[in-house]
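A.B. asks: have a look at this prediction, sequence included:
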Amino acid sequence: MKRVFFGMCLSVCVLAAPVSAETTAKKPAATNPQPGHGWRKLGRVHVRDNAEKDLAFLNDGDDVVEIRVCAERNAIRLRNAELWMSGDKRQKLWLPLALGSGKCSNPSKVKGGPIRVTHLALEYKAMSLDAKGAHLSIYGRKRNER
């Protein structure tokens, strides 16, 4: 009797394993935003392999309600990001620790938006192993372009 019970338990456990693996799979990271979805490139900075701080000046940043960053050429390790807005307002952005090449962060809502965004203060490091560094592009979405 114990053998039958053991055999049944084994078959139930084996059948249940693939189902639980499917439910815990991570969703793929977002790719570069498409212009047709309302995203506009506000700025771009070159990222070297050594850790650095930078201030990205953003163009056409009026009436922005969402912002996201994308890694190009190589992966980027992000440490800190702070969005500067008109009226001397600032907002800390919660970004992933690392962005793979061609991947973007999830959109972050701009507090008090729609508002003019002027700069993005960054602390980051490229993960290119001295190849050529990377680029970090900053995209914004305006209130009427969703």
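C.D. replies: Good, I have the coordinates. Numbers count the residues shown, from 1 in each chain.
A.B. asks: run a quick neighbour tally on W84.
C.D. replies: 19 (other Cβ atoms under 10 Å). Every residue, glycine included, has its C-beta placed from N, CA and C.
A.B. asks: quick check on the residue nearest to R116 when sequence neighbours are not counted: phi, psi?
C.D. replies: Closest residue to R116 apart from its sequence neighbours, by Cβ to Cβ, 6 or more residues apart in numbering: S86 at 4.1 Å. S86 adopts backbone torsions of phi -60, psi 160, taken as degrees, to the nearest 10.
A.B. asks: next up, the contacts around S86.
C.D. replies: Contacts for S86 (Cβ atoms under 8 Å, 6 or more residues apart in numbering) come out as 115-118.
A.B. asks: could you do F57 as well?
C.D. replies: Contacts of F57 (Cβ under 8 Å, 6+ apart): 43, 118-119.
A.B. asks: closest one of the residues you listed to Y139?
C.D. replies: G43 (9.0 Å; Cβ to Cβ).
A.B. asks: tell me the buried residues in the helix or strand that contains the closest one?
C.D. replies: Per DSSP states H and E: G43 is located in strand 39-47. By 16 or more other Cβ atoms under 10 Å, the buried positions in strand 39-47 come out as 39-43, 45, 47.
A.B. asks: so how far is it off the chain centroid?
C.D. replies: Relative to its chain's centre, strand 39-47 lies at 13 Å (Cα atoms, centre = their mean, to the nearest Å).
A.B. asks: repeat that for stretch 111-129.
C.D. replies: In terms of Cα atoms, centre = their mean, the centre of stretch 111-129 is found 11 Å from the chain centre.
A.B. asks: cool, stretch 132-139 as well?
C.D. replies: 12 Å.
A.B. asks: what mean pLDDT does that stretch get?
C.D. replies: Averaged across stretch 132-139, pLDDT comes to 88.
A.B. asks: before we move on, what about stretch 93-112?
C.D. replies: 91.
A.B. asks: gap between the two ends of it?
C.D. replies: Criterion Cα to Cα, to the nearest Å; first-to-last residue distance in stretch 93-112 is 14 Å.
A.B. asks: alright, that wraps it up for me.
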